[in-house]
Structure formats: C-alpha cells, structure tokens
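J.: this one's sequence-less:
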Ligand SMILES: C[S@@+](CC[C@H](N)C(=O)[O-])C[C@H]1O[C@@H](n2cnc3c(N)ncnc32)[C@H](O)[C@@H]1O
C-alpha cells in the first residue's frame, strides 16, 4: 500500500503503536467518535476566519503514531522531560509523548475546537500528564520546555520567521525537533537530521540542542 495512504487509513505501520503503547488505541477510537459527532471540522474551519492569519497556518496534517515514536526515541524523551508541541492540532503527539515516555506533554494550539476534544479525552482516560492550552505559540512562554516539537511544514513564512525569534527564549539544553524547515538561530546547534513519514508524505526532521546564553 502507498505509504501516505497507509498512514491516513491506519495501515499496519500505524497499528503497531496502538497495540504497544498502553492507552493509545482508546485515544484514537474516542477521538474520531467524538470529533466527527460534533462536526468539529466545520467548527474548526469557522474558527480560522477572522484570525487575520494565513490559511496555510491551519492546514490539517499530523504526525503518524509510528513516526512520533521514532522521534521521541531520537530525542531521548523521558519521564523527566516537559515536551511542548507548538501547534498541537488534534493532539496526537501530545498524547503519544505522555503515554509512551511518561513526560509532561503540553499542546499549544490556537484553535480551541481541537483542544476542547483533547481535554475531554485526557479527562476521560485519566491522562493527567497531557495538557492542552488554547494559546498562540507566538506568545507562549517557552522557557519550561525541555523538548519542543514543531510540525509546521505548511506554516507561512511570516509565522516561521516570528516563531524563530521565540526560539531564542528557550532554556539551555532544550532539544528542538523541526519538521521540513531548518531553524537557523544563533543558539540552535544542529545535532542530526533524518527522513520520516508524515500524513503529507516523507519529510526531513532537523534536531537541535539549545546552547547556553553565553555561547557565541
Ligand atoms: C500541521 S498541524 C500539526 C499537528 C501536530 N503538531 C502533529 O504533528 O500531529 C499544525 C497546527 O498548528 C496550528 N497553529 C498554526 N498557527 C498557530 C499559532 N500561532 N499558535 C498555535 N497553534 C497554531 C494549526 O491550527 C494546526 O493545528
């Protein structure tokens, strides 16, 4: 089966994490039931109107479960970490990080329609280390994060430029994973890059470590 179709249709590659990560299949099953029943896609589309932002910032796309696991492993995310997913969408990476690594996972998402469903799921399934905040990541305090995930393949150039400036405020030692786009900031040291599968096809993921404020 074509790779991207397999992701979208939950093919065998996506089943494995559902069986291996405790609680994940409940997230997947409850999400779609709840989301489609409330007709959230329309709700979400309506929310993007009037925000004065490029439509590209709100394109649907997400990180497959299997790819998320690969990335959590590469970034060595563990229970002591606080992971921020900037632009969390329906919260897949946040639930996965919380359940698979035991870290505190925080989803920052501008569209409250996604967060409403994610918060209910976290409450129903008693996943206390998954938190969802209705916030603009261009204004969020990023200093508590020890891992930052950016899946902003379609974000507009302006959003990426402004977010780059926010990355200058990250704490030393923080790891950053950026999908599709290199982050050329003075404090970000590139530690690796690799190709991974997403719902929109294969893309490169750049991994960084934030240097100390005092480093040149
Ligand atoms: C491609 S989705 C990524 C979903 C998720 N991170 C994943 O990997 O599965 C990008 C998300 O960024 C959100 N977004 C765009 N601009 C934002 C902003 N300024 N603040 C918070 N979220 C934003 C969009 O609403 C969308 O849900």
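T.: Cool, the structure landed. Computed from a prediction, not measured in an experiment: that's the story for all the values here. Numbers count the residues shown, from 1 in each chain.

J.: list the contacts for whichever residue of the chain sits closest to the ligand?
T.: Closest approach between the chain and the ligand, counting by CB to the nearest ligand atom: residue 87, at 2.3 Å. Every residue, glycine included, has its C-beta placed from N, CA and C. Taking CB atoms under 8 Å, 6 or more residues apart in numbering as the criterion, residue 87 is in contact with 57, 108-110, 137, 150-152, 155.

J.: most surrounded residue in those?
T.: residue 151 (28 neighbours; other CB atoms under 10 Å).

J.: ok, the closest residue to that one other than its chain neighbours - contacts?
T.: Sequence neighbours aside, residue 179 is the residue nearest to residue 151 in space, at 4.5 Å (criterion: CB to CB, 6 or more residues apart in numbering). By CB under 8 Å, 6+ apart, the residues touching residue 179 are 63, 150-153, 196, 198, 203-205.

J.: what does residue 64 give?
T.: Neighbours of residue 64 in contact, by CB under 8 Å, 6+ apart: 7, 13-14, 197-199.

J.: can you tell me the helix or strand for residue 14?
T.: helix 12-20 (DSSP states H and E).

J.: so which bits of this structure are right by the ligand?
T.: 57-58, 61-63, 85, 87-89, 92-93, 108-111, 136-138, 151, 159 (CB under 6 Å from any ligand atom).

J.: follow-up on the earlier one: now the residue of the chain closest to the ligand: phi and psi?
T.: phi 80, psi 70 (degrees, to the nearest 10).

J.: and residue 100, its phi and psi?
T.: phi -80, psi -30.

J.: touching, it and residue 23? I think so.
T.: No: using CB atoms under 8 Å, residue 100 is not in contact with residue 23; the gap is 9.5 Å.

J.: tell me which of the two has more neighbours.
T.: When neighbours are counted by other CB under 10 Å, residue 100 and residue 23 differ, and residue 100 comes out ahead with 21 against 14.

J.: and the gap between that one and residue 177?
T.: Distance, residue 100 to residue 177, using CB to CB, to the nearest Å: 15 Å.

J.: again with residue 20
T.: For residue 20, the distance to residue 177 - CB to CB - is 21 Å.

J.: hey, what's the residue nearest the centre of the chain bridged with?
T.: Geometric centre of the chain, nearest residue: residue 85, 3.9 Å, by CA atoms, centre = their mean. Counting by DSSP bridges, residue 85 is bridged to residue 107, residue 149.
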